[in-house]
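K.L.:
I'll drop the sequence and a predicted model, then ask my questions.
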Amino acid sequence: MDKQKAVLELDEVVIRFSGDSGDGMQLTGTLFSDASALFGNGVSTFPDYPSEIRAPQGTIGGVSGFQVHIGSKKVNTPGDYCDVLVAMNPAALRANYKWVKAGGTIIADSDTFTEKGLQRAGYKTDDPVTELKLEDYKVVYAPITSLTKESLKDTDLDNKSIIRSKNMFALGMVYFMFDRPLNFTEHYFEVKFKSKPRVIDANKKVLKDGYNYASNIQAIANTYKVPAATSIPKGKYRNINGNTATAWGFIAAAEKANLPLFCGSYPITPATEILVELAKRKDLGVKTLQAEDEIAGICTSIGAAYAGNFAVTTTSGPGLSLKSEAIGLAVMTELPMVIVNVQRGGPSTGLPTKTEQSDLMQALWGRNGECPLVVIAASTPSNCFDAAFEASKIALEHMTPVVLLTDGFIANGTEPWKIPSMANYPKINVPIVPEGTTNYMTYARNEKLARGWAFPGTKGLEHRVGGLEKDFLKGTVSHDPINHEKMVNVRAAKVAKVAEYLPEQEVFGAQEGELLVVGWGGTYGHLLTAVQEMREEGKDVSLCHISYINPLPRNIVDVFKRYKKIVVCELNMGQLANYLRMEHQQFNYLQFNKYQGLPFTVVELKDKFNQILGGK
Amino acid sequence: MAKYNYTAQDFKSDQEVRWCPGCGDHAVLSAVQKALPEVSEVLDYARERYVFVSGIGCSSRFPYYVNTYGFHGIHGRAAAIATGVKVANPKLSVWQISGDGDSLAIGGNHFIHAVRRNIDINMLLFNNEIYGLTKGQYSPTTKLGSVTKTSPFGTVEHPFRPGELVIGAQGKFFARTIDVEVKLTTEIMVEAAKHDGTSVVEILQNCVIFNDRTHSNITDKEVRDDRVIVLRHGQKMVFGKNNDKGLVLNGLGLKVVTIGQDGYTLDNVLTHDAYEPNPGVHMMLVNMEYPNFPVALGVIRNVKDSTYDDNVRDQVLEVQRHAKITCVDDLLNSGETYDIK
């Protein structure tokens, strides 16, 4: 036994687990990231899974991946390229080798590299290393499947269950490489399989055997230490993904508004998880209605909003298209509501499991008529909580539908989150019309231009609303031309007025200078990392990451005019850039766009920014 | 002892009723406004507990004319909106108004799912077998072969029978009436309101402009008694000017007989049982069509079952009874957490 391996200390490391979609790679990655977070590292993760639940085994289409970035300080992205790739079969290697850093380590299950396996994955030769030009990489072929079988041969688990445990063998190997304690994961087995002690023991054994195997083989020359982060604020943490954070943000808002929460929704990738999380929360009185379609999702929410609940609906791109007409009804009836769009690659069904920011124009304008509403965007997995809370507060206090844009990347990605206290969140003041109000006018407005919200069941406030144009004050049907113009104007003014209640736009970096990077939504982590790194290199680059898209922050012009150049970076063809051109034409907006269904990489962002700086 | 003493007048809004003169909708509005005072007494509902929700179509203007809460929605979505209203506040008495196009074409999906869920709302389905508001195109209930603006050579599609659809969607309450039968309509409205669950009331309604007399072969006064049968729970299924016709079981189907002829007596005639869960006979009754059968009116099916809104409420209460998480702070701190020191 060789216990003399060198232990190298690293600031950060990126590991990518990949295998067939049935190989349990999401779980493996999650366990690794949880163990690292509990150990005290900065963590950011990103699952990359196929849209087919079970594509043919061993094919590229069925490869599921999970990338984890851990660091000795806060990390803001799951990492561009990985230091270590775990490939459970030839297809996983083929699909992911291009994401491994030059000279990185690849752990592959040699049992799967059979003639048939290679063929299925589309290799032309029987030598993947040469074929993929991996000569300079450290490729560790380990017989993971057979060692797992060997490890569990004395258990009474059936063959299928034994083979399914091979991901834990691989995890054990990675734990050895990165000097992770096993106890967090062992504890997970104890909780997860509480009633099945034999399964607990089997998993523990495989994990440990993988760990020991890695320590015994010469192929793994070094092990690495990523020390716990010291710069991360002290306190109680949890890992959270964007969809859970979104769901919880709504529940928090309902609590602060003292209203029941209602969510009418229809399952759609990658938004479903929000509905799933809300459905669990009967303990907090959350009512979820899984509707017959997207339209019913929002229409039940509109009904609930009319009846006095805080209503939300959740969807992704194609679902937002289906909800368009009903969003118009919510605008017309001036009822509070949040519509979450977890963006994915489009158009049409597009890339359901991949990320994109291509629904911004749809969120802003995708309705008939002059139909303004508030649009805000979340920037990171944990920020989804605050963004959902903020969206809810605006909806309820300003009596308007709000579209909250997140995306597949932050919805599924996770990061550690310092658990906030609800005592630090503001009360939400809802303009409910109290019983006993005399001479109630349905469309009379307060200083925010919000109309009063009268709940059915309240004596004396009986009124009718609907999709037909409303009388400016009484809210009865009006076809009067001048009244219509007045109403179009007031609906726009109400939304514009929200800006007066929003925080000013902040900038990371210098308050004036050469290049301002402008972004929005889920690209925040990558943009921040790129700008941070360039500033450390002495470059004059700053970041303006916009969360409030309509209305824009009231100081946005003051921010833009302090920089010589502006580059708008988005995962689309330039939707925010074009919106900014409409709203503030005086600036020249350079663009950096990507639409591959993938997040930016820090490397490509820095290249672009350097090119702009160099080209002056 | 009357508590509210409402009259029909209390349910009339200040809005001018804009349906065409002679439209069947006027009579239905009148019947509802007559029924609500009685519903209020029977179920102890104050006026502000009523919410009328509609979609788009002539009949969907209905909420504007009833002096209580109302929501005029978008085309086809009334059932979904009404569902949201009821789940949000189960104490409300929710009435959904829509036509054959609104409910059975663009809103067909919401219609069947509301019925399937058995959400406690009352759906008034105004069936004039035509699109009136858009001036005369055929609808999902237009009879095969009918000439309309969009079927100049006659329709080539089979119509829905709303009752069959409701029972097919596991509907628990179905009634049918005719616009001009204000007294029967009023009586049915009260029954629909009393029923817990989705109550569907099909109203055979005349569009005087675009589909005049579409129901006349059964609704004309001279022929009505012989061509319709008013069903009442516990009563014999007899009809006809002279009350001498009856429905009997004949093999697997129904048959019209004349009492006193061919050996049939009143004892052979079926007794209506609206409470029977088995939908067999109810299905046959809703599907009866002229000229082979009288068209069935009245409450045809009225079966108790758990309602969606009750189930939602009960589940929340049940979970809350053993809840460890009782506020958002509890939630945020639940499950796997760790300390950074």
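P.N.:
Arrived safely, thanks for sending. Numbering: from 1, shown residues only, chains lettered A, B, ... in the order given.

K.L.:
from here on, contacts and neighbour counts on C-alpha atoms
P.N.:
OK.

K.L.:
SS state for the nearest residue in space to B:Leu125 that is not next to it in sequence?
P.N.:
Closest residue to B:Leu125 apart from its sequence neighbours, by Cα to Cα, 6 or more residues apart in numbering or on different chains: B:Glu202 at 4.7 Å. The three-state assignment at B:Glu202 reads strand, by DSSP: H, G, I helix; E, B strand; the rest coil.

K.L.:
Now do the contacts for B:Glu202.
P.N.:
By Cα atoms under 8 Å, 6 or more residues apart in numbering or on different chains, B:Glu202 lies in contact with B:Leu124, B:Leu125, B:Phe126, B:Asn127, B:Pro162, B:Gly163, B:Phe174, B:Ala175, B:Arg176, B:Thr177.

K.L.:
Looking at the residues you listed, which are in strands?
P.N.:
B:Leu124, B:Leu125, B:Phe126, B:Asn127, B:Phe174, B:Ala175, B:Arg176, B:Thr177 (DSSP state E).

K.L.:
In CSV, could you pull the C-alpha coordinates for the biggest helix by length in chain A?
P.N.:
Counting by DSSP state H, the longest helix found in chain A is helix A:197-216. The C-alpha trace of helix A:197-216 is given here as CSV (Å, rounded to 0.1, in the frame of the first residue of the first chain):
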residue,chain,number,x,y,z
PRO,A,197,-30.0,-1.4,6.9
ARG,A,198,-28.5,-3.8,4.4
VAL,A,199,-28.7,-1.1,1.6
ILE,A,200,-26.9,1.3,4.0
ASP,A,201,-24.2,-1.1,4.6
ALA,A,202,-23.8,-2.0,1.0
ASN,A,203,-23.5,1.6,-0.1
LYS,A,204,-21.0,2.4,2.7
LYS,A,205,-18.9,-0.6,1.6
VAL,A,206,-18.8,0.3,-2.1
LEU,A,207,-17.9,3.9,-1.2
LYS,A,208,-15.1,2.8,1.1
ASP,A,209,-13.8,0.2,-1.4
GLY,A,210,-13.7,2.9,-4.1
TYR,A,211,-11.8,5.1,-1.7
ASN,A,212,-9.3,2.4,-0.9
TYR,A,213,-8.9,1.3,-4.5
ALA,A,214,-7.9,4.8,-5.4
SER,A,215,-5.4,5.0,-2.6
ASN,A,216,-3.8,1.7,-3.7
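
K.L.:
how about the helices in the stretch 451-600 of chain A?
P.N.:
Applying DSSP state H, counting those that start in this stretch to the stretch 451-600 of chain A gives helices spanning A:481-497, A:524-536, A:556-560, A:575-583.

K.L.:
Give the buried residues for the last one.
P.N.:
It refers to helix A:575-583. Going by neighbour count (16 or more other Cα atoms under 10 Å in any protein chain shown), the buried part of helix A:575-583 is A:Gln575, A:Leu576, A:Ala577, A:Asn578, A:Tyr579, A:Leu580.

K.L.:
With A:Val518 as the reference, measure out to the last one.
P.N.:
Looking back up the chat, that one is A:Leu580. For A:Leu580, the distance to A:Val518 (Cα to Cα, to the nearest Å) stands at 10 Å.

K.L.:
Same check on the fourth one?
P.N.:
Taking Cα to Cα as the measure, A:Asn578 and A:Val518 are separated by 13 Å.

K.L.:
Reduced to three states, what does whatever residue of the stretch 201-350 of chain A ends up closest to chain B come out as?
P.N.:
Of all residues in the stretch 201-350 of chain A, A:Thr300 sits closest to chain B, at 3.9 Å by Cα to the nearest Cα. Of the three states, A:Thr300 takes helix according to three-state DSSP.

K.L.:
Break down the stretch 1-150 of chain B into its strands, ranges please.
P.N.:
For the stretch 1-150 of chain B, applying DSSP state E, counting those that start in this stretch gives strands covering B:50-54, B:69-72, B:93-99, B:121-127.

K.L.:
Good, we can wrap up now.
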